[in-house]
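how does the following fold in three dimensions:
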Amino acid sequence: MSTVHKIGRRKTSVARVYVKPGTGNITVNGKDAKEYFSTDVMVYKLNQPFILSETVGQYDVTVNVFGGGNTGQAEAIRLGVSRALCEINAEFRLALKPAGLLTRDARMVERKKPGQKKARKRFQFSKR
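This is a model prediction of the structure:
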């Protein structure tokens, strides 16, 4: 089986994910995932699709990710990996779909409006 290429997005992060059979190595932008993402929670998010599909240690993942912050990048990678696993074996969809790993989270930062402090916060109102 050859390499499967999928794209995952979250907020402003875009992750290009390449999944191939291997020993379970996850490389993000040329670094090991544990080195790239400092917290265990982020590393767990990357491994979530493998845990749910019971394929831990069976695939090597190479990722190019840009834009956004830590959480956005980790969740973009998670979506890309989930999509790749579904292409490898359609039965994984039954495990990943109920967990919400195949849904693109469309929430984005709301833009700042003119005449306001932030997107929704306003300047203090003065009656007189």
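
tell me which residues touch the residue lying closest to Val19 once chain neighbours are set aside, please.
In this structure, Val19 finds its nearest non-sequential neighbour in Ala84, 4.1 Å apart by C-beta to C-beta, 6 or more residues apart in numbering. Every C-beta, even on glycine, is put in place using the N, C-alpha and C of the backbone. Residues near Ala84 by C-beta atoms under 8 Å, 6 or more residues apart in numbering: Val4, His5, Lys6, Val17, Tyr18, Val19.

Phe92 now?
Phe92 neighbours (C-beta under 8 Å, 6+ apart): Pro49, Ser53, Thr55, Leu85, Cys86.

list the buried residues in the biggest helix by length in the chain.
When the chain is parsed with DSSP state H, its longest helix is helix 70-88. Of all the residues in helix 70-88, those buried under the rule 16 or more other C-beta atoms under 10 Å are 71-86, 88.

am I right that Pro114 falls within a helix?
No: assessed by DSSP: H, G, I helix; E, B strand; the rest coil, Pro114 does not belong to a helix; its assignment is coil.

over to it: give its phi and psi.
Here is the backbone geometry of Pro114 (degrees, to the nearest 10): phi -70, psi 140.

got a pLDDT number for it?
Pro114 carries a pLDDT value of 96.

share the number of residues neighbouring it, please.
Pro114 is flanked by 4 other residues according to other C-beta atoms under 10 Å.

cool, the one 10 residues further on as well?
Here the count is done by other C-beta under 10 Å, and Gln124 has 5 residues near it.

contacts for stretch 4-20?
1-3, 59-69, 71-73, 75-85, 87-88, 104-105, 107-109.

give me the distance from it to the chain's centre.
The chain centroid and the centroid of stretch 4-20 are separated by 7 Å, computed with C-alpha atoms, centre = their mean, to the nearest Å.

perfect, I'm done here.
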